[in-house]
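> The amino acid sequence is not available; the structure is as follows:
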């Protein structure tokens, strides 16, 4: 079986189309073996991968430093550089996440349902792997480890295509993961990374590689996700923008609102669960609006607001229609005063991306309505939007936050990376 040359700056020789088809064929062959691997073997592999990530820390961080240096030289934003940057703590957290995935219950082979028909047939619905999962991502090198580990745990093979910004980091992480697979006597080709920056490789993956890819997961900005949706010939786990809202209702405790709003926006501004819009009920604007706006500005966040918000602090700049639809991924937030819960829900439905939205209130009835009526993958009451994360949900990690409505929604963890089949048990039944 051929092995990819995973040098940090490797571009495959010869015909790219043939190279991609070969990657697909190797992934399909590996998927068949991984699907049948016992849970214990997969878990040993994941622990070994975590150990290799820690052991190879110097190499991975050196390659990441090259990516960061190139990003700065190219004039990339600070938000992108933050998403790209690894240090010892972040790399340790990546390794820890892989180990935690290994400690999760095995999702493969679990009985989802069982029932008996009047004719005596016993029918089971059993979780099985999806097969080969293609993951296309941009500046987050941790996606390499998260996606590869989640796919492995769920019995799938993964084909990973990193963005140009994180290419060196992703290649170094993939080398460690493949070594971990080999050490556990599993096929290294269960985790393959596309060894080229050529954007034509994305098109090849979206074509399905002649039936070798079963699902595509995009992780990146609007341009990437829109391209995936437009061109993909295989199913896609949808994840568009993270235009997340925090609604501070009339029944909100001001101190709680301060804490939640600040964490939702400023803990890490470059992640998809960061709040991009703050909505404040007009009924509490007199007491709550100015303290919240001042707090955000003093924390280094630029505030763009409507006329009422502008009047609360002279440092607020006017918000435009575009601001309500923008995923800033930066220390910028749009703030609007709304006339109660109905108006807040209407705003979220009009401008949101169905990712994560939160309400701050001590009014239980208001919270119940918000949680029931806001049609987002994740809705929260009195909690930060930054809990929109597979690790925080107990999934170990996530391959993305799916904002569509088919199959997987919210954090895509190991269970969401399985499908099912029916096992029918008879004792000689025939159909009349």
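Structure received. The model shown is predicted, which means the values in this text are computed figures rather than measured ones.
> what domains does the record give for the protein?
For the chain, automatic domain parsing gives the domain ranges 16-240, 244-387.
> residue boundaries of the helices in the stretch 201-350 of the chain?
222-231, 254-266, 282-298, 307-312, 340-351 (DSSP state H, counting those that start in this stretch).
> hmm, who's touching the last one?
Residues from elsewhere that reach helix 340-351 (Cβ atoms under 8 Å, 6 or more residues apart in numbering): 243, 245, 247, 249-250, 277, 279, 281-283, 324-325, 336, 338, 357, 359, 366, 369-370, 373-376. C-beta here means a position set from N, CA and C on the backbone, and glycine is covered the same way.
> try 6 Å this time
With contacts defined as Cβ atoms under 6 Å, 6 or more residues apart in numbering, helix 340-351 is touched by 245, 247, 279, 281, 324, 325, 338, 357, 366, 373, 374.
> Which among those count as buried?
The neighbour-count test (16 or more other Cβ atoms under 10 Å) marks 245, 247, 279, 281, 324, 325, 338, 357, 366, 374 as buried among those.
> Out of the contacts of helix 340-351, which sit inside strands?
245, 247, 279, 281, 338, 357 (DSSP state E).
> does the fifth one have beta-bridge partners, and which?
So the one you mean is residue 338. residue 281 (DSSP bridges).
> and residue 284, how many residues sit next to it?
For residue 284, the neighbour count with other Cβ atoms under 10 Å is 18.
> can you tell me which residues contact it?
Counted by Cβ under 6 Å, 6+ apart, residue 284 has contacts residue 250.
> All further residue positions should be reported with the first residue as 394.
From this message on, residue numbering opens at 394, which makes the last subject residue 677.
> pLDDT below threshold where in the stretch 544-693 of the chain?
Filtered on pLDDT under 70, the stretch 544-693 of the chain yields the residue ranges 633.
> burial count for residue 516?
By other Cβ under 10 Å, 14 other residues sit near residue 516.
> where's it, which helix or strand?
According to DSSP states H and E, residue 516 maps onto strand 515-522.
> Of all the domains of the chain, which one comes closest to residue 814?
Closest of those to residue 814 is domain 409-633, at 5.3 Å (criterion: Cβ to Cβ).
> ok, back up a step: out of the buried ones among the contacts of helix 733-744, flag the one nearest to residue 627.
Nearest to residue 627 among those, with distances taken as Cβ to Cβ, is residue 718, at 28.7 Å.
> nearest residue to the closest one other than its sequence neighbours?
residue 744 (5.3 Å; Cβ to Cβ, 6 or more residues apart in numbering).
> Need the contact partners of the host helix or strand of residue 435.
Per DSSP H and E: residue 435 is located in helix 432-448. For helix 432-448, the external contacting residues (Cβ under 6 Å, 6+ apart) are 488, 491-492, 494-495, 499, 542, 569-570, 572-574, 576-577, 579.
> quick one: which of those residues is nearest residue 708?
Comparing those against residue 708 with Cβ to Cβ places residue 488 closest, at 42.0 Å.
> measure that closest one to residue 560 for me?
Per Cβ to Cβ, to the nearest Å, residue 488 is found 21 Å from residue 560.
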